[in-house]
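Participant: Here you go, sequence then predicted model.
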Amino acid sequence: VLLPPEPGLPYLRGGAAGRQRTDPGSIAVREGRVAALVADPAADRRLDASGCALVPGLVDCHTHLPFAGWRADEYALKVAGAGYEEIARRGGGIRRTAKALAEASDEEVLAQSRDLAGEALRLGTTAFETKSGYGLSREAELRSLRLAGRLAAEVPQAVTRTALLAHALPEGRSADEWMDEVEAMLPEVVAAGAEALDAYVESIAFTNAHLERMGALARDAGLALRAHVEQFASHGSVPVAIAAGARSVDHCSFLPPEEAPLLAAAECAAVLLPSAELLGEERTAPGRALMDAGAICALATDLNPGTSPVASLPLVIGLAVRRYRWTPEEAFAACTLNAAWVLGRSADVGSLEPGKRADLVVLDGPIDRVPYRLGHDPVVAVVVAGDVVHLRAGAEGRLRP
Ligand SMILES: [Zn+2]
């Protein structure tokens, strides 16, 4: 059983991730919550996890669900040498997915998103973030948030909603004009259930000044601030994001390692996205430097139809261990408790502690097999709020009445 170094921690900063323990033991669950870290002899159902590792449900704190369609042809172009900015300028990229979303019915968008949430669930994801950002108009961004709300009601996972209102520039607007519209639509965004605002700072997107403004809007609206930064170039956005009160800075591939201490001194997580780095042949984020400096490090899939069509956190754990030279314990902390903190949920999920929601994953071997057996599906069973929602074929005998 993978346990935090001590109970009640909101996140595991730097070296604390390595002080998690893997102890032999059992978990008792009552009314959907972890009741105790010992077996309950009076339990009416048992899940036999002998020979397995029991870890907290995985938390994917950066996805772009809900979206419509795929862009496999762009991946082929990318592999042949076309850059992200070139693809975007040729009408591909975010605008193309925005068009696909606009043309898809609500039911079509929900069907694809539900399938992906189901795929992620079978791979151990028991909580995930959704983002708007493929709307690119007031009405379409609000529709996206409403669809995310419907998705949340239809899947077993805990789902949070982020309004990525500065993603790509809507046709025919300046970035400043669009930010005025963002400001005007905020009451509706809050009413649609958004818990965070997000901005994408890049040469083809928005600037640090827009990130600052998004931070002020988030503060006024009582929402968290997230930011996509330093993905394809260094724009010096991390200190700006921290000053703007960001809960997380995501990507950080081009973060200069000497800026890692800034994150170590801030309550702002570095959300690293190694599958996007791999598939885009991007630079590798300074994951080891961030961990050693004492930053709050998180990991996510960045699930989206362009840069990372990946739903598997076990795969992301494997990539993170190799690319960032993290230990398996560090990688698990990054996509359990720390990811839950990024979503504002670490008091409820992210670790195996009495009182928390009973979101558990049973793995078919010790945790260090997950990064080592890259591409293997290690998940035997998934439990959400005390219910067994997935059991690997052949493992039915482990569940006893
Ligand atoms: Zn993203």
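Facilitator: Great, that's in hand.

Participant: okay, CA-based contacts and neighbour counts for the rest of this
Facilitator: OK.

Participant: tell me the contacts of the closest residue in space to Pro187 that isn't next to it in sequence?
Facilitator: Among residues not flanking Pro187 along the chain, Ala221 sits closest, at 7.9 Å (CA to CA, 6 or more residues apart in numbering). When contacts are counted by CA atoms under 8 Å, 6 or more residues apart in numbering, Ala221 is found next to 186-187, 190.

Participant: I'd like these laid out as a markdown table, including secondary structure, neighbour count and pLDDT.
Facilitator: Shown next, in a markdown table, are these (DSSP: H, G, I helix; E, B strand; the rest coil; neighbours: other CA atoms under 10 Å; pLDDT from 0 to 100):
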| residue | secondary structure | neighbour count | pLDDT |
| --- | --- | --- | --- |
| Leu186 | helix | 21 | 98 |
| Pro187 | helix | 11 | 98 |
| Val190 | helix | 18 | 98 |
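
Participant: List the contacts of the longest strand belonging to the chain.
Facilitator: Among the segments of the chain that qualify as a strand by DSSP state E, the longest is strand 158-166. For strand 158-166, the external contacting residues (CA under 8 Å, 6+ apart) are 126-133, 136, 141, 145, 148-149, 152, 179, 182, 189, 193-200, 205-206, 343.

Participant: at 6 Å instead, please
Facilitator: For strand 158-166, the external contacting residues (CA atoms under 6 Å, 6 or more residues apart in numbering) are 127-133, 152, 194-200.

Participant: Whichever of these end up buried, select them in PyMOL.
Facilitator: To isolate the buried ones among those in PyMOL, judged by 16 or more other CA atoms under 10 Å, type:
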select buried, resi 127+128+129+130+131+132+133+152+194+195+196+197+198+199+200
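
Participant: circling back: now the longest strand of the chain: mean pLDDT?
Facilitator: For strand 158-166, mean pLDDT rounds to 97.

Participant: measure Ala331 to Val59 for me?
Facilitator: Distance, Ala331 to Val59, using CA to CA, to the nearest Å: 12 Å.

Participant: So the two - more neighbours on which side?
Facilitator: Using other CA atoms under 10 Å as the criterion, Ala331 and Val59 rank with Val59 on top: 36 against 25.

Participant: Let's verify that one: helix, strand, or coil?
Facilitator: strand (DSSP: H, G, I helix; E, B strand; the rest coil).

Participant: which residues touch it?
Facilitator: Residues near Val59 by CA under 6 Å, 6+ apart: 125, 127-128, 335-336, 339.

Participant: Glu354 reaches Ala36, doesn't it?
Facilitator: For the record, residue 354 is Pro, not Glu. Yes: with contact defined as CA atoms under 6 Å, Pro354 reaches Ala36; the gap is 5.4 Å.

Participant: Retrieve the pLDDT associated with Leu391.
Facilitator: Among the per-residue scores, Leu391 holds a pLDDT of 97.

Participant: Show the backbone phi and psi for Arg226.
Facilitator: phi -120, psi 160 (degrees, to the nearest 10).

Participant: ok, it - how many residues close by?
Facilitator: The local packing of Arg226 (other CA under 10 Å) involves 32 other residues.

Participant: State the distance from it to Thr327.
Facilitator: For Arg226, the distance to Thr327 equals 26 Å [CA to CA].

Participant: With distance to Ala246 added, can I get the contacts of Ala221 in CSV?
Facilitator: CSV is the format used below for the contacts of Ala221 (distance: CA to CA, whole Å):
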residue, distance to Ala246
Leu186, 18
Pro187, 20
Val190, 18
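
Participant: Report the beta-bridge partners for the residue lying closest to Asp302 once chain neighbours are set aside.
Facilitator: Nearest-residue entry for Asp302: Thr63, 4.5 Å, with adjacent residues in sequence omitted and distances by CA to CA, 6+ apart. Under the criterion DSSP bridges, Thr63 forms beta bridges with Leu303.

Participant: Surely Thr63 is in contact with Leu303?
Facilitator: Yes: applying CA under 6 Å, one finds Thr63 in contact with Leu303, separated by 4.6 Å.

Participant: List the buried residues in stretch 32-48.
Facilitator: 32-37, 40, 47.

Participant: any chance you could map the helices in the stretch 301-401 of the chain?
Facilitator: 313-324, 328-334, 337-342, 369-372 (DSSP state H, counting those that start in this stretch).
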